[in-house]
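Colleague: Sequence below, structure please.
(one chain, ligands or ions: 2)
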Amino acid sequence: MLKFLSKKSAILGVDIGTSSVKVVQARTSGKKVVLEKVGFAPIPMDNARTEKLEPSDLSIADAVRAAIKDSGSTYKDICCAISGDAVIVRYLTMPNMTQDELDYAVRLQAEEYIPFRLEEVNLDFYRLDPTGKETSKKIDIILVAARKDLVTRRMEILKSIGLNPVMMDIDSFAILNCIEANYVFPADEVIALVGIGATNCNINIFENGVSKFARDILAGGFTVTQSIATRFGLPLDEAERIKIDEGAVFPQDSSAPPESSGIAEVIKDTVEQITGESVDTDSRKNKLAVSIRQPIQNLITEVRRSLQFFENQANGKPINRILLTGGGSKLKNLDHYMSERLGLPVQVVNPLENVDVTGLSANSGKIKDLAPHLAVGIGLGLRRVGDK
Ligand SMILES: Nc1ncnc2c1ncn2[C@@H]1O[C@H](COP(=O)(O)OP(=O)(O)OP(=O)(O)O)[C@@H](O)[C@H]1O
Ligand SMILES: [Mg+2]
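Modeller: Numbering: from 1, shown residues only. Ligands and ions are numbered 1, 2, ... in the order given. So this is what the prediction gives:
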């Protein structure tokens with residue numbers, strides 16, 4: 001985590017996603033999280049978007065302002081996050097040494113581990129033994145390299161609207177912070193936390209509350225909307241509405257029971273992948289099913305790659321289960337489909353599981369609908385300067 005100030009005060013979590021901005025003012029009370037204020041503002045799909053669908057600086061500024069207004073928060077100190085190819089996370093094991101020696105040694109080694117030149121990144125690292133008193137010969141370190149140009153640009157946008165960014169986190173760490181505040185997990189379980197947003201899928205594999213692997217995949221709910229739009233020849237906003245109202249991911253067309261033969265499905269899926277066409281009759285339902293299934297299969301393939309990469313490392317361990325969150329996880333049946341494909345239990349987690357929302361002015365239906373989108377924002381809103 002990159003810190004810019006060193007005072008201890010409450011801050012507002014500002015999650016700038018590709019499709020919307022979410023802001024969260026939160027605190028802990030005993031073992032519970034209290035949500036004081038929440039705000040949401042969509043970022044319109046205007047022409048100023050880059051190829052990677054990044055919104056323009058202006059539309060980000062407008063949406064941040066609108067989300068803060070929506071929340072009613074008056075905080076100026078904020079914590080935000082970056083994700084995707086703006087940031088790289090690496091896990092190193094080093095000989096045990098003092099903090100000063102470590103500063104030097106990590107910088108020296110960093111170039112080997114990150115695909116950027118050191119001048120181009122903000123480097124931060126922390127040891128996984130937070131007391132720094134570990135007596136073992138080796139210490140584990142998380143190294144975070146964030147692209148300076150992108151961090152600076154984001155800070156400039158926020159400063160231009162009168163905000164004071166005091167911390168910069170990364171999405172996948174913020175999601176873990178939120179889920180840890182909501183659930184208690186068995187210490188010996190290795191869990192893959194997968195946050196599916198509009199364009200980014202944030203993977204964070206953790207054990208005993210500690211991140212062991214983090215990677216972002218360029219895939220998310222938007223790819224599904226795009227696929228529907230292309231197949232049906234519709235504008236994006238209409239495709240989005242169809243996805244939300246009728247969308248679901250099924251192994252087969254939803255009108256027919258699943259075939260018993262696994263091999264038949266593999267052949268059918270492969271033909272669909274290659275030709276981009278549905279093997280089933282061209283009914284609307286089937287067309288919709290195929291247009292959703294294809295991008296989801298690609299996303300799952302990428303998730304599988306990351307899980308296998310982690311498991312196959314020298315100190316890798318088998319993953320016990322997968323937790324899903326993010327707006328993209330609202331796609332019906334995604335958890336079951338993913339579970340079947342990856343052969344692991346998959347659970348959609350609730351970022352508000354252990355959160356007191358009684359102080360919020362928004363109605364409970366709206367909050368419930370917003371909940372899957374709030375994991376990053378809550379994780380950021382719970383950060384305090386001085387935390388590691
Ligand atoms: N009911 C729903 N069913 C399926 N998908 C949904 C539903 N509601 C929202 N989504 C999808 O959730 C995604 C937005 O989720 P989220 O707010 O987590 O993303 P983001 O933070 O804007 O994006 P990113 O983190 O990738 O930059 C969109 O792709 C949207 O289509
Ligand atoms: Mg997001």
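Colleague: How much space separates the residue in the stretch 1-150 of the chain that ligand 1 sits nearest to from residue 197?
Modeller: Taking C-beta to the nearest ligand atom as the measure, the stretch 1-150 of the chain has residue 17 as its residue closest to ligand 1, at 2.1 Å. Quick note: C-beta positions are derived from backbone N, CA and C, even for glycine. The spacing between residue 17 and residue 197, counted by C-beta to C-beta, to the nearest Å, is 5 Å.
Colleague: which neighbours do the two share?
Modeller: Taking C-beta atoms under 8 Å, 6 or more residues apart in numbering as the criterion, residue 17 and residue 197 both touch residue 327.
Colleague: ok so, going back, show me the contacts for the residue of the stretch 1-150 of the chain closest to ligand 1.
Modeller: The contact partners of residue 17, taken as C-beta under 8 Å, 6+ apart, are 43, 197-198, 327, 373, 376.
Colleague: Can you give me the neighbour number for residue 147?
Modeller: 17 (other C-beta atoms under 10 Å).
Colleague: quick one: contacts for it?
Modeller: By C-beta under 8 Å, 6+ apart, the contact list for residue 147 reads 85-87, 116, 120-122.
Colleague: So what pairs up with it in the strands?
Modeller: Beta bridges link residue 147 to residue 121 when assigned by DSSP bridges.
Colleague: rewinding a little: so which of the contacts of residue 17 is the closest to residue 350?
Modeller: Ranked by distance to residue 350 (C-beta to C-beta), those are led by residue 373 at 11.8 Å.
Colleague: wouldn't the closest one be in contact with residue 18 here?
Modeller: No. Between residue 373 and residue 18 there is no contact under C-beta atoms under 8 Å: 11.9 Å.
Colleague: okay, those two: which has more neighbours?
Modeller: More crowded of residue 373 and residue 18, by other C-beta under 10 Å: residue 373, with 24 against 21.
Colleague: all strands of the stretch 1-150 of the chain, in order?
Modeller: Ranges of strands in the stretch 1-150 of the chain, per DSSP state E, counting those that start in this stretch, are 2-3, 12-16, 20-29, 32-42, 77-82, 87-95, 121-127, 138-147.
Colleague: can you check the stretch 151-300 of the chain too?
Modeller: Counting by DSSP E, counting those that start in this stretch, the strands of the stretch 151-300 of the chain are 164-170, 190-196, 201-207, 210-217.
Colleague: Other residues contacting the last one?
Modeller: Right, the one you point to is strand 210-217. For strand 210-217, the external contacting residues (C-beta under 8 Å, 6+ apart) are 83-85, 87, 89, 91, 128, 142, 170-173, 176, 190, 200-206, 299, 302-303, 306, 309-310.
Colleague: could you dump that strand to CSV, C-alpha only?
Modeller: The C-alpha coordinates for strand 210-217 follow below in CSV (Å, rounded to 0.1, in the frame of the first residue of the first chain):
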residue,chain,number,x,y,z
VAL,A,210,-2.6,-13.4,4.4
SER,A,211,-2.4,-12.9,0.6
LYS,A,212,-0.3,-15.5,-1.1
PHE,A,213,-1.0,-14.6,-4.7
ALA,A,214,-2.7,-11.7,-6.5
ARG,A,215,-3.3,-11.1,-10.1
ASP,A,216,-5.8,-9.2,-12.2
ILE,A,217,-7.3,-10.6,-15.4
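Colleague: burial of residue 235, as a residue count?
Modeller: 11.
Colleague: most neighbours, which of the contacts of residue 147?
Modeller: Highest count within the contacts of residue 147 by other C-beta under 10 Å belongs to residue 87, 26 neighbours.
Colleague: Who are the contact partners of it?
Modeller: Contacts of residue 87 by C-beta under 8 Å, 6+ apart are 144-147, 170, 216.
Colleague: Dump these to TSV, plus pLDDT and distance to ligand 2.
Modeller: Below are the contacts of residue 87 laid out as TSV (pLDDT from 0 to 100; distance: C-beta to the ion, whole Å):
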residue	pLDDT	distance to ligand 2
144	95	18
145	95	20
146	95	16
147	95	18
170	96	11
216	97	10
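Colleague: For PyMOL, write the select line for the buried members of these.
Modeller: To isolate the buried members of the contacts of residue 87 in PyMOL, using 16 or more other C-beta atoms under 10 Å:
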select buried, resi 144+145+146+147+170+216
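Colleague: which one of the contacts of residue 87 is nearest residue 382?
Modeller: For these, the nearest to residue 382 is residue 170 (14.8 Å; C-beta to C-beta).
Colleague: Residue 213 pairs with what?
Modeller: Note on residue 213: beta-bridge partners residue 205, judged by DSSP bridges.
Colleague: who in the stretch 251-388 of the chain is up against ligand 1?
Modeller: With the criterion set to C-beta under 6 Å from any ligand atom, the stretch 251-388 of the chain comes near ligand 1 through 326-328, 330-331, 373.
Colleague: Among the residues you listed, which lie within helices?
Modeller: Using DSSP state H, no member of those falls within helices.
Colleague: and those residues as TSV, adding pLDDT?
Modeller: Output for these, formatted as TSV (pLDDT from 0 to 100):
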residue	pLDDT
326	98
327	98
328	98
330	98
331	98
373	98
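Colleague: Those: which two are farthest apart?
Modeller: 331 and 373 (13.2 Å).
Colleague: can I see the domain layout of this protein?
Modeller: If you go by automatic domain parsing, the domain ranges for the chain are 1-86+149-183+351-388, 185-348.
Colleague: Now render the ones you listed as a markdown table, adding distance to residue 98.
Modeller: What follows is the domains of the chain, written out as a markdown table (distance: least, C-beta to C-beta, whole Å):
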| stretch | distance to residue 98 |
| --- | --- |
| domain 1-86+149-183+351-388 | 17 |
| domain 185-348 | 22 |
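Colleague: Now do the same contact list for the residue in the stretch 51-200 of the chain that ligand 2 sits nearest to.
Modeller: In the stretch 51-200 of the chain, the residue that lies nearest ligand 2 is residue 197 (3.5 Å; C-beta to the ion). Shown in contact with residue 197 (C-beta under 8 Å, 6+ apart): 17-19, 83, 171, 220-221, 326-328.
Colleague: low pLDDT regions in the stretch 1-150 of the chain?
Modeller: Within the stretch 1-150 of the chain, the stretches with pLDDT under 70 are 1-8, 129-135.
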